[in-house]
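Participant: Test case, fold it:
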Amino acid sequence: MTYVVTDACIQCKFTDCVEVCPVDCFYEGENTLVIAPDECIDCGVCEPECPADAIIPDTESAAEKWIAFNGKYAALWPVIIEKKEPLENADDFVGVEGKLEKYFSEAPAE
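Facilitator: Next comes the predicted model:
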């Protein structure tokens, strides 16, 4: 089992989850985070820390799509191990629908 990040993180990129992760399995894109599914130990400590409710367990029905998404970008982006400031206007994007199609960037964090 694993946890995954959904499109609710896009344009927010809160990193409260990164700060509590005991295995450093978060990877950082330009405007979102992902979890490496093969590195996650299923402890679940990240899920309640996310202000955007963007982290779900792989047991949820929507998770299959996000497992592949997270795995793909975790292999391409750099690991993030420390909390950072969220993106500018992050609070304005919490709860916005359709962020994957409208805002997602494949670019890694700089």
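
Participant: Am I right that Gln11 is in a strand?
Facilitator: No - with DSSP: H, G, I helix; E, B strand; the rest coil as the criterion, Gln11 is located in coil rather than a strand.

Participant: which ones are touching the nearest residue to it once chain neighbours are set aside?
Facilitator: The shortest distance from Gln11 to any residue other than its chain neighbours is 4.0 Å, reached at Phe93 (Cβ to Cβ, 6 or more residues apart in numbering). The way it works is simple: take the backbone N, C-alpha and C, and place the C-beta from them, glycine included. The neighbours of Phe93, taking Cβ atoms under 8 Å, 6 or more residues apart in numbering as the test, are 10-12, 52, 87, 99, 103.

Participant: ok, now with 7 Å
Facilitator: Taking Cβ atoms under 7 Å, 6 or more residues apart in numbering as the criterion, Phe93 is in contact with 11-12, 99.

Participant: likewise Val5?
Facilitator: Going by Cβ under 7 Å, 6+ apart, Val5 touches 32-35, 54-55, 66, 70.

Participant: Name the nearest residue to Lys13, sequence neighbours excluded.
Facilitator: Leaving aside its chain neighbours, Lys13 sits nearest to Leu87 (4.9 Å; criterion: Cβ to Cβ, 6+ apart).

Participant: give me the number of residues near that neighbour?
Facilitator: When neighbours are counted by other Cβ atoms under 10 Å, Leu87 registers 18.
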